[in-house]
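K.L.:
below are the sequence and a predicted model for it; my questions follow.
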Amino acid sequence: MVYELHAVIIKKEVGLEKALEIARQITKKDNPIMRETEDSYRFRNIVKTKFKSDTFRTKKVNDKVSLVFGERKK
C-alpha cells in the first residue's frame, strides 16, 4: 500500500504569500490549486477522485502545516 500526497493544509495565520511558498516547496508545483476555508488554505496536489475514499490520512508537520495523504485507485 503506497500513499501519495493529496493536499497541503496551511493555517491562515501564516499569511497567503508564505503559505503559497510553503505549498510550492512541498508539492513541487509552481501554481498549486488553492481553496480557502474559514481557518486555512488548502493546496491540492492530486484531485481527490484519484484516491480511494476511505484511505485519507492527515499528518501534522507542525502547528501550522498538515499534509493529507491517500492511497490511489488502480
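P.N.:
Looks like it arrived, so ask away. Numbers count the residues shown, from 1 in each chain.
K.L.:
use CA for all of it now, contacts and neighbours both
P.N.:
Noted.
K.L.:
which elements pack onto the top strand by length along the chain?
P.N.:
Longest strand of the chain, by residue count under DSSP state E: strand 3-11. Helices and strands touching strand 3-11, by 3 or more C-alpha pairs under 8 Å, 6 or more residues apart in numbering; DSSP states H and E, are helix 16-27, strand 40-44, strand 65-71.
K.L.:
partners of the second one, with directions?
P.N.:
Strand 40-44 sits in its sheet next to strand 3-11 (antiparallel), strand 33-36 (antiparallel), going by DSSP bridges.
K.L.:
what's the angle between the first one and strand 65-71?
P.N.:
When axes from the mean of the first three to the mean of the last three C-alpha atoms, to 10 degrees is applied, the directions of strand 3-11 and strand 65-71 differ by 150 degrees.
K.L.:
in strand 3-11, what counts as buried?
P.N.:
5, 6, 7, 8, 9, 10, 11 (16 or more other C-alpha atoms under 10 Å).
K.L.:
stretch 18-25 too?
P.N.:
Buried, per 16+ other C-alpha under 10 Å, within stretch 18-25: 19, 20, 22, 23, 24.
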